[in-house]
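In: Generate a structure from the sequence data that follows.
(chains A and B)
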Amino acid sequence: MAYDKFTILKSSAVPMPIENVDTDQIIPARFLKATERKGFGDNLFRDWRYETDGTPKKDFVLNNPIYSGKILVAGKNFGSGSSREHAAWAIYDYGFRCVVSSFFADIFKNNSLNIGILPVQVSPEFLDKIFTAIEADPKAEIAVDLATQTITIAATGASESFAINGYKKHNMMNGFDDIDYLQAMKEDIKVFTEKSLY
Amino acid sequence: MSNKPATLFDKVWDSHVVRKIEDGPDVFFIDRHFIHEVTSPVAFLGMEGRGLKVMFPEKTFATADHNTPTINQHLPVQDPLSANQLKALETNSNKYGISHWGLGNPKNGIVHVVGPENGITLPGMTIVCGDSHTSTHGAFGAIAFGIGTSEVEMVLSSQCIMQPKPKKMRINVTGKLGKGITPKDVTLYIISKLTAAGATGYFVEYAGEVFENMSMEGRMTVCNMSIEMGARGGMIAPDETTFNYIKGREKAPQGAAWDKALAYWKTLKTDEGATFDVEHTYAAADIEPMITYGTNPGMGMGITHHIPSALAGDSKASYEKSLQYMGFHEEDAMLGKKVDYVFIGSCTNGRIEDFRAFASIVKGRKKAEHVTAWIVPGSHIVEQQIKDEGILDILTEAGFQLRQPGCSACLAMNDDKVPAGKYAVSTSNRNFEGRQGPGSRTMLASPLVAAAAAVTGVVTDPRELMA
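Out: Predicted coordinates:
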């Protein structure tokens, strides 16, 4: 599935200073029953966001109208647990295009890159700076520039660079995905298969 | 070929790289691909949307497990959404000629139980599945890990995925395990030391006397939980225990093919002098029966201990949120805490050895009246073993009922949900908030600890009930 190209994203951000946010919180298993990829955003953070009767929980950040934006900023070890890509789909479908944390779980990071969400890993100190900036001004603008691999807090000018491999960066900036790449090298794969033991 | 000493992981990884991309991932060839009903439908849709087909249908195996009922499997599935997913798996499998063990098939069961027990999982293979506990298959000296649905689509359409090579970690456990200490305790102990993110970015090799002496079932339990400390996977060098387990299984090589495979498998070990990015060593003598008290698998402790004060590395706020969810407090003893539900099963502890352990404690005792117990075999083959070995009689005598195979209450996609606020001792792999049902409170433990809780109704040291 193609996704939007990612170049520069300037947006306010939604703060979630919680550590070890696992994919069961991002989207609980009972919402994985669809056979198509649509509507997952409605159940993003379902059990933190809604009471069992469906009433929004007032103290949860997504229900607080002062916060909005295309960037989610979360505590360390974001996306741990299950490999469900539904977690990344829910985040994308809700409207986020970038998740910032000081540490990401591996599979979540891969899944995000594969569907066009940019995971930006920053230092714990820079993460604190972002949380502080949002606390001071809930509409504080954060700029994420993929070409230069920098993230900047507009109000203070504080910035930090982030890592991404050149291949994935090229893909994200052009909206390409791995399946396109693999299809283009199928002959090589066939030759490889012939010498495979299994 | 260089003669540089290599690790087991290097040997298997490097022999599966189709292409190295500069400043990018490796194009990584997959020998075996398992699919189930939850993470595959969108991959088939995506593939068809691009006009692609399954490249090697004989390398993919489908089984229904995540979203299946554990009673009345002969009847139509009641939940229309679940039924629809199961139907999609069957339709997609049939359409492309993929082997499909659906509900009711005698080979059906949890994907990470049926793969090994049918000889599909072999040493030196690369194995993926849209399920993070695919790490289980590492017990055979395979590189096995979970993938997302986009990657399922890649494997279906090209038999490859794009992966940066992880760093290498070796975990040694030396000495001998004490009475009542199981492989589950070993893995919960390691994770409690390393934390739920302590192995992120690494692929683990487990080594040392404890793993050498462990059964294949036990090794699968340990490798299964590798993801719970963030590792993509974990593996153990194949040895005679491995070869004896595989020999004669339905899809295992036979005759001359066996001899050829065996010769190769015997080369699959870490060479003397090969190096790891990180190495940890623990002593078996320090490991007690373990139990978790929080909301990630790193929050585990010896069952006789008291809940520690805020963990090093995690913020106080996150730690307190976790204990608050569980209804526990710092310095609480875990022994004696009331248990409402007991679940034995899952890809972590749903194999025959686990039910033998469970039965060894409940034999001659009765289920505690207030406890609801879900006893769920990992597959029909395990279910049959439970019957053949007389374990079912012991369970029935003690007041337990055996359910039918599936993932069940591990992720509670089906009706096996622990109600809000209730406490469950579970042999599964995750104690996340709401994992076993919205508001459920999970304590992870071994089958022995689960059995002790099931007969006493409270958290109990199983060693007190052992002869």
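In: Assumed B:Phe276 was part of a helix.
Out: No. Judged by DSSP: H, G, I helix; E, B strand; the rest coil, B:Phe276 forms no part of a helix; its state is coil.
In: residues contacting it?
Out: The contact partners of B:Phe276, taken as CB atoms under 8 Å, 6 or more residues apart in numbering or on different chains, are B:Thr7, B:Lys168, B:Met169, B:Arg170, B:Glu205. Every residue, glycine included, has its C-beta placed from N, CA and C.
In: Columns secondary structure on top of those residues, output as CSV?
Out: Formatted as CSV, the contacts of B:Phe276 follow (three-state DSSP):
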residue, secondary structure
B:Thr7, coil
B:Lys168, strand
B:Met169, strand
B:Arg170, strand
B:Glu205, strand
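In: now the residues you listed as CSV including pLDDT?
Out: Shown next, in CSV, are these (pLDDT from 0 to 100):
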residue, pLDDT
B:Thr7, 98
B:Lys168, 98
B:Met169, 98
B:Arg170, 98
B:Glu205, 98
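In: Most neighbours among those residues, which one?
Out: B:Glu205 (26 neighbours; other CB atoms under 10 Å in any protein chain shown).
In: Check which helix or strand the closest residue to A:Ile26 other than its chain neighbours maps to.
Out: In space, and not counting its chain neighbours, A:Ile26 is closest to A:Ala87: 4.0 Å by CB to CB, 6 or more residues apart in numbering or on different chains. Here A:Ala87 is covered by helix A:86-94, with elements defined by DSSP states H and E.
In: Which one of the contacts of B:Phe276 is nearest to chain A?
Out: Taking CB to the nearest CB as the measure, B:Met169 is the one of those closest to chain A, at 13.1 Å.
In: Touching, the closest one and B:Val204? I think so.
Out: Yes. Judged on CB atoms under 8 Å, B:Met169 makes contact with B:Val204 at a distance of 4.9 Å.
In: any chance you could map the helices in the stretch 251-400 of chain B?
Out: With helices called from DSSP state H, counting those that start in this stretch, the stretch 251-400 of chain B shows them at B:256-265, B:316-326, B:346-349, B:352-362, B:380-388, B:391-397.
In: same for the fourth one, what does it pack against?
Out: Where contact means 3 or more CB pairs under 8 Å, 6 or more residues apart in numbering or on different chains; DSSP states H and E, helix B:352-362 is packed against helix B:216-224, strand B:341-344, helix B:380-388, helix B:391-397, helix B:447-456.
In: quick one, the longest one and helix B:352-362 angle?
Out: Pointing back at helix B:447-456 there. Per axes from the mean of the first three to the mean of the last three CA atoms, to 10 degrees, the angle that helix B:447-456 makes with helix B:352-362 is 40 degrees.
In: so which of the helices and strands packed on helix B:352-362 gets nearest chain A?
Out: The closest approach between chain A and any of the helices and strands packed on helix B:352-362, judged by CB to the nearest CB, belongs to helix B:216-224 at 13.3 Å.
In: What mean pLDDT does the closest one get?
Out: Averaging pLDDT along helix B:216-224 gives 98.
In: model confidence over the following helix or strand past it, on average?
Out: Moving toward the C-terminus from helix B:216-224, the next helix or strand (DSSP H and E) is strand B:233-235. Strand B:233-235 carries an average pLDDT of 98.
In: list the contacts for the residue nearest to A:Ile26?
Out: Listed by CB under 8 Å, 6+ apart, the contact set of A:Ala87 reads A:Thr23, A:Ile26, A:Ile27, A:Gly79, A:Phe108, A:Asn111.
In: Determine the number of other residues adjacent to the first one.
Out: Looking back up the chat, that one is A:Thr23. A:Thr23 has 26 nearby residues by other CB under 10 Å.
In: Residue numbers of the stretch 201-350 of chain B in contact with chain A?
Out: Contacts of the stretch 201-350 of chain B with chain A, taken as CB under 8 Å from any CB of the partner chain, map to B:201, B:227, B:230, B:232, B:261, B:264, B:295-296, B:314-315, B:317-318, B:321.
In: If we use 7 Å, what do you get?
Out: B:Gly201, B:Gly230, B:Arg232, B:Tyr264, B:Asn296, B:Asp314, B:Ser315, B:Ser318 (CB under 7 Å from any CB of the partner chain).
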